[in-house]
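Peer 1: Please work out how this folds:
(chains A and B)
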Amino acid sequence: MEWSIHHTILSAALASGVVVGYVAARSHFCTMGAVSDWINMGDLGRLRAWFLAIGVAILGVLILELTQGLNLDQGVSPPYRTSDFNPFRHLLGGLLFGVGMTIAGGCGNKTAVRIGGGNLKSVVVLVTIAIVAYGLIWLGGYTLLFEPWLSAATIKLSGTQELSRLLFGDSMAAHLVLGLLIAALILYVVLKDSEFRANRELLTAGIVIGLVVAFVWWLTGSSTTGPQWREYAEFSDTPPSRVATQSLTFIAPMADLLHYLLAPTEFHRLNVGIMVLIGVILGSLAYALLSRSFRIEWFADRNDFINHLVGAVLMAVGGVLGMGCTFGQGITGVSTLAVGSFLTLIGIIAGSAAMMKYLYWKMMQEG
Amino acid sequence: MNFDRELDARGLNCPMPIVKTKKALSEMSSGQVLKVIATDPGSVKDMEAFAKQTGNVLLEKTQEGNAFVFFIKKA
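Peer 2: Have a look, this model is predicted:
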């Protein structure tokens, strides 16, 4: 086997995952934890870190679009800026995902981070998400169960659903100005808190995760690497999976991982998403071993097991409907300024916050 | 350390240890001490942040085997 651009990209994706996994484990970065801290104790530290990552990723994408030939209007997986805009799908998917991650102990990325730290409950969550998402994505479950009634809410746009295009029409200048304004506003709100600025771990996590999202966009979609990678795929006897412009996301890669494991000698099934997922687990494992914090964890009781299963199913369904998770839409998607990504992000935070409130209310009712 | 109530949150992941701690403290009087036992590694930072944000006092945190033990005095 000859080393190719494809192998370079997969290796870089793995390394990107390792960085994210290590940093997330070290800093306690967690999107569900961010909502929990906000709702349960009024602490905005981790929410600021999440939005810092969003702000950095938006800035990174703008720079790449301007200087590196990154084109997010076509050839993107998933198609964040698709002209088939379905707000209902994004909101419903986000809500389901938000509820699911709250009862399953974390989002897709956190599940991978927990596995690296020795949490076997998260292995069950990952396997469940992989099976359900595999059924929806690879076996036609989405087309059979959801598309017939969800498609009624689809709005056919004349162009992409990128925010500035919807507001001001096709103008690169408007896109850049609006993107800069949004990023600047996010960074101002996040960084104006002196306590957050002094929290080096969360500050680093937000910046590094945002930069890694931008890096994987560059890796898969810049004019330096993208055309060469696509040409390699075009002339391959067995074209590799998902050769498209993309960045960090976790639900579809879990389904893709199962797809690969069903035929492990078919290496063309390995893709960027799978490599990032495996990288996050390895990065978190490295941190757990170096900090001697690796510990095996298992379910507390039957209810805990059922909660994790239900949460995993909701995350899988919500992740497919919303076209991404807290990373896939909540950072990567939002960095494209696609309106659907903002809706999924709002849905995720609302679903998680509502579930937090419900859990507390239910506990108070039970006495 | 003396305590008035004990909460066993072993085996539970975020957010449940915090939600249960919040509920337990809501049923206690000012000055009383709650002992919380958790196994989620994230609970260490969670409890520190919870105490800081809510004004309750984290009197002590220790590790006993695989478990983290916290003593929280209600404000």
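
Peer 1: Smallest gap between chain B and chain A, at which residue?
Peer 2: Of all residues in chain B, B:Gly11 sits closest to chain A, at 2.7 Å by Cβ to the nearest Cβ. Glycine gets a C-beta too; all of them are placed from N, C-alpha and C.

Peer 1: Surely that residue touches A:Asp304?
Peer 2: Yes: under the criterion of Cβ atoms under 8 Å, B:Gly11 is in contact with A:Asp304, at a separation of 6.2 Å.

Peer 1: The residue of chain A most remote from its centre and A:Thr67: what is the separation?
Peer 2: With distances taken from the mean C-alpha point of chain A and given as Cα atoms, centre = their mean, the most distant residue is A:Gly367, at 37.1 Å. Summarising the geometry, the distance separating A:Gly367 from A:Thr67, computed by Cβ to Cβ, to the nearest Å, is 61 Å.

Peer 1: which of the residues in stretch A:267-280 are buried?
Peer 2: Neighbour-count burial for stretch A:267-280 flags A:268-280 (criterion: 16 or more other Cβ atoms under 10 Å in any protein chain shown).

Peer 1: for the record, mean pLDDT for it?
Peer 2: Mean pLDDT, stretch A:267-280: 98.

Peer 1: ok now that stretch, how far from the chain's centre?
Peer 2: Per Cα atoms, centre = their mean, to the nearest Å, the displacement of stretch A:267-280 from the mean C-alpha position of its chain is 14 Å.

Peer 1: same question, stretch A:342-352
Peer 2: The mean C-alpha position of stretch A:342-352 is separated from the chain mean by 13 Å, Cα atoms, centre = their mean.

Peer 1: I'd like the distance from the residue of chain B closest to chain A to A:Val113, if you could.
Peer 2: Computed as Cβ to Cβ, the B:Gly11 to A:Val113 distance reads 18 Å.

Peer 1: Who has more neighbours out of the two?
Peer 2: Comparing B:Gly11 with A:Val113 by neighbour count (other Cβ atoms under 10 Å in any protein chain shown), the higher total belongs to A:Val113, at 31 against 18.

Peer 1: Now do the host helix or strand of that one: which elements does it pack against?
Peer 2: Remark: A:Val113 resides in helix A:108-116, with elements defined by DSSP states H and E. Packing partners of helix A:108-116 (3 or more Cβ pairs under 8 Å, 6 or more residues apart in numbering or on different chains; DSSP states H and E): helix A:5-27, helix A:31-41, helix A:120-137, helix A:272-290.

Peer 1: Just the mean pLDDT for it, thanks.
Peer 2: In this model, helix A:108-116 carries a mean pLDDT of 97.

Peer 1: Pull out the buried residues from the longest helix that chain A contains.
Peer 2: When chain A is parsed with DSSP state H, its longest helix is helix A:339-366. For helix A:339-366, a neighbour-count test (16+ other Cβ under 10 Å) marks A:339-356, A:359-360, A:363 as buried.

Peer 1: Is there contact, residue-wise, from stretch A:339-351 to chain B?
Peer 2: No: legend: contact between stretch A:339-351 and chain B by Cβ under 8 Å from any Cβ of the partner chain is lacking; minimum distance shown is 13.7 Å.

Peer 1: show me what contacts the residue nearest to A:Gly273 when sequence neighbours are not counted?
Peer 2: On the basis of Cβ to Cβ, 6 or more residues apart in numbering or on different chains, the spatially nearest residue to A:Gly273 that is not a chain neighbour turns out to be A:Pro253, at 3.1 Å. By Cβ atoms under 8 Å, 6 or more residues apart in numbering or on different chains, the contact list for A:Pro253 reads A:Asn271, A:Gly273, A:Ile274, A:Val276, A:Leu277.

Peer 1: And the pLDDT for A:Pro253?
Peer 2: At A:Pro253, the pLDDT value in this model is 98.

Peer 1: and the gap between it and A:Gly105?
Peer 2: Counting by Cβ to Cβ, the gap from A:Pro253 to A:Gly105 is 19 Å.

Peer 1: How about residue 34, nearest residue that isn't a chain neighbour?
Peer 2: Chain wasn't specified; assuming chain A. A:Arg46 (3.7 Å).

Peer 1: The chain in question should be chain B.
Peer 2: Taking Cβ to Cβ, 6+ apart, and ignoring the residues beside it in sequence, B:Leu34 has B:Ile72 as its nearest neighbour in space, at 4.8 Å.

Peer 1: A:Cys325 now?
Peer 2: Closest residue to A:Cys325 in three dimensions, ignoring its sequence neighbours and counting by Cβ to Cβ, 6+ apart: A:Gly108, at 4.4 Å.

Peer 1: you'd agree the one you found is up against A:Ile251?
Peer 2: Yes: counting by Cβ under 8 Å, A:Ile251 is a contact partner of A:Gly108 at 5.4 Å.

Peer 1: Mutual contacts of those two, please.
Peer 2: A:Ile129, A:Met315, A:Gly319, A:Cys325, A:Gly328.

Peer 1: thinking again about what came up before, A helix includes the residue of chain B closest to chain A, no?
Peer 2: No: following the definition DSSP: H, G, I helix; E, B strand; the rest coil, B:Gly11 is coil and is not counted among the residues of a helix.

Peer 1: Next up, the contacts around the nearest residue to it once chain neighbours are set aside.
Peer 2: With Cβ to Cβ, 6+ apart as the measure, A:Ala300 is the residue that lies nearest to B:Gly11, at 2.7 Å, once sequence neighbours are left out. Neighbouring residues of A:Ala300 by Cβ under 8 Å, 6+ apart: B:Arg10, B:Gly11, B:Leu12.

Peer 1: okay, A:Ala300: pLDDT?
Peer 2: Predicted confidence (pLDDT) at A:Ala300: the value is 89.

Peer 1: Averaged pLDDT, stretch A:315-322. What do you get?
Peer 2: Stretch A:315-322 carries an average pLDDT of 98.

Peer 1: With stretch B:31-48 instead?
Peer 2: Average pLDDT, stretch B:31-48: 94.

Peer 1: Give me the buried stretch members for it, please.
Peer 2: By neighbour count, and taking 16+ other Cβ under 10 Å as the criterion, the buried residues in stretch B:31-48 are B:33-47.

Peer 1: and if you look at stretch A:282-298?
Peer 2: Those would be A:Leu282, A:Gly283, A:Ser284, A:Leu285, A:Ala286, A:Tyr287, A:Ala288, A:Phe294, A:Glu297, for stretch A:282-298 by 16+ other Cβ under 10 Å.

Peer 1: I'd like those residues laid out as JSON lines, including distance to chain B.
Peer 2: Putting the buried residues of stretch A:282-298 into JSON lines (distance: Cβ to the nearest Cβ, whole Å) gives the following:
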{"residue": "A:Leu282", "distance to chain B": "18"}
{"residue": "A:Gly283", "distance to chain B": "16"}
{"residue": "A:Ser284", "distance to chain B": "11"}
{"residue": "A:Leu285", "distance to chain B": "13"}
{"residue": "A:Ala286", "distance to chain B": "15"}
{"residue": "A:Tyr287", "distance to chain B": "11"}
{"residue": "A:Ala288", "distance to chain B": "9"}
{"residue": "A:Phe294", "distance to chain B": "9"}
{"residue": "A:Glu297", "distance to chain B": "6"}
